[in-house]
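S.K.: generate a structure from the sequence data that follows.
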Amino acid sequence: MPKVIYDVDKQRIPIKLWLEDIEDGAMEQIMNLANLPFVFKHVAVMPDSHQGYGMPIGGVLATKGYVIPNAVGVDIGCGMCAIKTSMQEITIEQIKEIMGKIRKVVPVGFNHHKENQDESLMPQTEPIGVCNREYSRALKQIGTLGGGNHFIELQKGSDGFIWVMIHSGSRNLGKQVADYYNKIAVDINERYHSVVDKKQELAYLPINSPEGDSYLTEMQYCVDFALANRKLMMENIKACVYEVIKEVSFEPMINIAHNYAVMEHHFDSDVMIHRKGATLAREGTIGIIPGSQGTKSYIVKGLGNPESFNSCSHGAGRKMGRGQAIKNLNLAEEIKKLNDQNIVHAIRSAQDLDEASGAYKDIDVVMKNQSDLVEIVVELNPLGVIKG
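M.R.: Next comes the predicted model:
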């Protein structure tokens, strides 16, 4: 059950948190959300929550009549996909060979494909505005991993099978859309003397305005592009697995996004649900909650808890900022953790510590805190990791 915070002298609506400890900066952002004049019912905060821009990662917000670009974030449509293979065993040598092949066909970090990819793989809706402007670049970005916390993992499931998992988003396309419409929102809010302080980074657009309508259209294109991006990567990864393991088959891909806004029906009202680092957990929905390098990930089934607006966490969540992790974590200790588990990993130098397990919250605690939001279907232990 969530912890409820409600002080009538300090906030408009209640805050419901599925965690005990949260950093001061994130809590300040949550209070800002709870005082927005158009926010509906309550603010839901998932157990992986930490400070973001304007709205914390791991936040779920329902609004009436408005959409907030910063409550979706810059990596629009970022999410997870996973496939179960027919393999029940795989050797470290095979993992290394597969990962070597993956690195040749899936660009990581700031790298893109040198050639345009097949246009039939792109979203089949007509791009407008920013998406149209960036379309030619996106043709080289589709099928690429990106950087930060994006990853490709080979995993061993509690069901006895080997799995492949990807975390990635809409690449530069989503950032361009987010930045463009956030600037428009800031300009409109200033022009009409919004009661929301600009310093809160929560500029908003009316959903029935030309600007709001265009943002929602372009946001959905980015969500579709992010899925297309993951699909192409997964097809290329499957081809790499085929080259090493001749006799292998794959089940249909599970996909779930965690940065988007969508109109849904909650508490007898149609509201714009913003999920920023949070995933849909409607009753029966199959989802993915990743851990970190060296810790478990989970295939889950949603329980449809109305108090969370049918949502759950999108991962373990950071407990350290990137710079803080690089400064404070011990490189030898983090490498030893992974080596002791025989994980083929991506930590080579101190600069890689921003994505070490020690930079993230305890995934076991996160899962325990949301036992009323999801049911665990399969536990997945990492075998090999490629980081962006």
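S.K.: state the helix or strand in which the nearest residue to residue 17 once chain neighbours are set aside lies.
M.R.: Using C-beta to C-beta, 6 or more residues apart in numbering and skipping residues adjacent in sequence, the residue nearest residue 17 is residue 45, 4.3 Å away. The C-beta positions use only the backbone N, C-alpha and C, and glycine is treated the same way. Using DSSP states H and E, residue 45 falls within strand 43-50.
S.K.: after that strand comes which helix or strand?
M.R.: Remark: after strand 43-50, the chain's next helix or strand is strand 57-63, criterion DSSP H and E.
S.K.: what's in contact with that following strand?
M.R.: For strand 57-63, contacts defined as C-beta atoms under 8 Å, 6 or more residues apart in numbering pick out 29-30, 33, 36, 38-41, 43-52, 55, 68, 71, 73, 204, 266, 271-278, 308-309, 311, 313-314, 317-318.
S.K.: could you redo the last one with a cut-off of 6 Å?
M.R.: Residues outside strand 57-63 that contact it (C-beta atoms under 6 Å, 6 or more residues apart in numbering): 33, 38-41, 44-46, 48-50, 71, 271-278, 309, 311, 317.
S.K.: for stretch 162-171, give the mean pLDDT please.
M.R.: Mean per-residue pLDDT for stretch 162-171: 98.
S.K.: now stretch 249-263
M.R.: 98.
S.K.: show me where this structure has helices.
M.R.: With DSSP state H as the criterion, the chain has helices at 24-34, 92-105, 129-133, 135-141, 171-191, 210-244, 322-328, 331-340, 363-369.
S.K.: for the shortest one, buried residues please.
M.R.: In other words, helix 129-133. Of the residues in helix 129-133, 129, 130, 131 count as buried by neighbour count, 16 or more other C-beta atoms under 10 Å.
S.K.: how about those in a markdown table, adding pLDDT and distance to residue 221?
M.R.: What follows is the buried residues of helix 129-133, written out as a markdown table (pLDDT from 0 to 100; distance: C-beta to C-beta, whole Å):
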| residue | pLDDT | distance to residue 221 |
| --- | --- | --- |
| 129 | 98 | 9 |
| 130 | 98 | 9 |
| 131 | 98 | 5 |
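S.K.: which one of these is nearest residue 354?
M.R.: Nearest to residue 354 among those is residue 130, at 28.9 Å by C-beta to C-beta.
S.K.: where does the stretch 101-250 of the chain dip in pLDDT?
M.R.: Of all residues in the stretch 101-250 of the chain, none has pLDDT under 70.
S.K.: tell me how many other residues crowd residue 353.
M.R.: Neighbour count of residue 353, defined by other C-beta atoms under 10 Å: 23.
S.K.: got it, and the one 4 residues further on?
M.R.: Burial of residue 357 is recorded as 22 neighbouring residues (other C-beta under 10 Å).
S.K.: I figured it hits residue 291, correct?
M.R.: No: using C-beta atoms under 6 Å, residue 357 is not in contact with residue 291, being 8.0 Å away.
S.K.: tell me the contacts of residue 186?
M.R.: Contacts of residue 186 (C-beta under 6 Å, 6+ apart): residue 203.
S.K.: same thing but 10 Å
M.R.: The contact partners of residue 186, by C-beta atoms under 10 Å, 6 or more residues apart in numbering, come to 69, 70, 194, 198, 201, 202, 203, 204.
S.K.: neighbour-wise, which of the residues you listed leads?
M.R.: Compared across the contacts of residue 186, residue 69 has the highest neighbour count, 29 neighbours, by other C-beta under 10 Å.
S.K.: which residues touch that one?
M.R.: Residues near residue 69 by C-beta under 10 Å, 6+ apart: 54, 76, 177-186, 201-205, 212, 215, 219, 261, 274.
S.K.: got a ChimeraX select line for the buried ones in these?
M.R.: Only the buried entries of those go into this ChimeraX selection, using 16+ other C-beta under 10 Å:
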select :54,76,177,178,180,181,182,184,185,186,201,202,203,204,205,212,215,219,261,274
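S.K.: which strands and helices sit next to the strand holding residue 45?
M.R.: Packing partners of strand 43-50 (3 or more C-beta pairs under 10 Å, 6 or more residues apart in numbering; DSSP states H and E): strand 3-5, strand 15-17, helix 24-34, strand 57-63, strand 269-276, strand 278-280, strand 311-313, helix 363-369.
S.K.: so can I have CSV of the ones you listed showing distance to residue 241?
M.R.: As requested, these are arranged in CSV below (distance: least, C-beta to C-beta, whole Å):
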stretch, distance to residue 241
strand 3-5, 43
strand 15-17, 41
helix 24-34, 39
strand 57-63, 32
strand 269-276, 31
strand 278-280, 26
strand 311-313, 29
helix 363-369, 26
